[in-house]
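1. Provided below are the primary sequence and the corresponding predicted coordinates.
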Amino acid sequence: MPEPNHRNDAGYRDGIECRGPKLIDVVGMQMHLLTQDIDPLPQKADVIEIMQGFSELGVRVAITEMDVNLTYVSGDYPTIEKRWTYQAGIYRDMLDACLESGACDSFAMMGISDSMSWLVTSCPGCWFKPQPNADPLLFDRNFLPKPAYFAMRDGLLGLPPGTSLPTPQPTPTGGAGNLALEKPVTVSSIESTEYPANNAVDGEISTRWSSRFSDPQWIQVDLGDIYNINRVVLNWEASYGVTYIIQVSSNGSDWQTIYSTTSGDGGLTI
């Protein structure tokens, strides 16, 4: 993205007009922010100025592939709550720039959940290494909304920065979020001490439980109470189960099957 203080309107105009009238209608600003530790962070006023500069030349603007990598900010923001709050402010600034410029037609994120971001996945031959703590998107690894989501929501509703609608809270009896997170877990076997059972419920996509290479195998999580369950999320690694069932029990003895498949295909199963 060009820097405003280095921008030359004549250069922009020459670059657009030399390609023929109306050949360039839209400029997309890829907003992969803080992808490297040396990346500068664009300021709201600068982004507005650049967008309006393009608009003066008859070119519309779109923000595309927005994400905010938190890998390199842990020193300044040592807790996940502080990192997520910092991230929310960046998302809100860029959304406000888009809305206030009068030239920005769309705003797109590079994904939905942190667990599925391109920054955390393995990409053989790519220039970057997976960054498991990037947490770059609006929803966390358990598909729950982060502060950035609510910041964006409030911006679209026209609420001033620093004010917000009340954040929905779980009911006392219903439970919410990842009910299995760090709960007691029992498994049929482990491949080795490198892949213990508790890895399956630690909330980290960089760790995993692995059983022995034989069938059948199972994993049991004690949620500690009775809950209404609306979904089960399985985040498989390269190996995965093709045939399996999901069961629930209120006493650990009597089990009810709520899902079964003979054609599992790995990935993220919900």
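-> Yes, it's here. Keep in mind that what you see is a predicted model, and the values were worked out from it rather than measured.

2. Span of stretch 249-262 from start to end?
-> 22 Å (CA to CA, to the nearest Å).

3. What mean pLDDT does that stretch get?
-> The average pLDDT within stretch 249-262 is 88.

4. Just the residues contacting it, thanks.
-> Residues outside stretch 249-262 that contact it (CB atoms under 8 Å, 6 or more residues apart in numbering): 220, 222, 226, 229, 232, 242-248. C-beta coordinates here come from the backbone N, C-alpha and C atoms, glycine included.

5. again, only using 7 Å
-> Here stretch 249-262 makes contact (CB atoms under 7 Å, 6 or more residues apart in numbering) with 226, 242-248.

6. Find the pair from those residues with maximum spatial separation.
-> Within those, two members stand farthest from each other by CB to CB: Ile226 and Val242, at 30.8 Å.

7. picking up where we left off before, got a quick PyMOL command for the buried subset of the contacts of stretch 249-262?
-> Buried residues among the contacts of stretch 249-262 (16 or more other CB atoms under 10 Å), as a PyMOL selection:
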select buried, resi 244
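
8. Columns secondary structure on top of the contacts of stretch 249-262, output as TSV?
-> What follows is the contacts of stretch 249-262, written out as TSV (DSSP: H, G, I helix; E, B strand; the rest coil):
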residue	secondary structure
Ile226	coil
Val242	coil
Thr243	coil
Tyr244	strand
Ile245	strand
Ile246	strand
Gln247	strand
Val248	strand
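
9. what's the closest of the contacts of stretch 249-262 to Phe143?
-> Nearest to Phe143 among those: Ile246, at 17.4 Å, using CB to CB.

10. Excluding chain neighbours, give the residue nearest to that closest one in space.
-> Nearest residue to Ile246 in three dimensions, chain neighbours excluded: Tyr259, at 4.2 Å (CB to CB, 6 or more residues apart in numbering).

11. got the angle between the helix or strand containing that neighbour and strand 244-248?
-> Here Tyr259, judged by DSSP states H and E, is contained in strand 256-261. Put simply, strand 256-261 runs at 160 degrees to strand 244-248, going by axes from the mean of the first three to the mean of the last three CA atoms, to 10 degrees.

12. For Gly252, see how far away Asp265 is.
-> According to CB to CB, to the nearest Å, Asp265 and Gly252 sit 30 Å apart.

13. And for Met51?
-> Separation of Met51 from Gly252 (CB to CB): 59 Å.

14. more crowded one of those two?
-> Comparing Met51 with Gly252 by other CB atoms under 10 Å, the one with more neighbours is Met51, at 24 against 9.

15. ok, the more buried one - contacts?
-> 61, 97, 101, 103-104.
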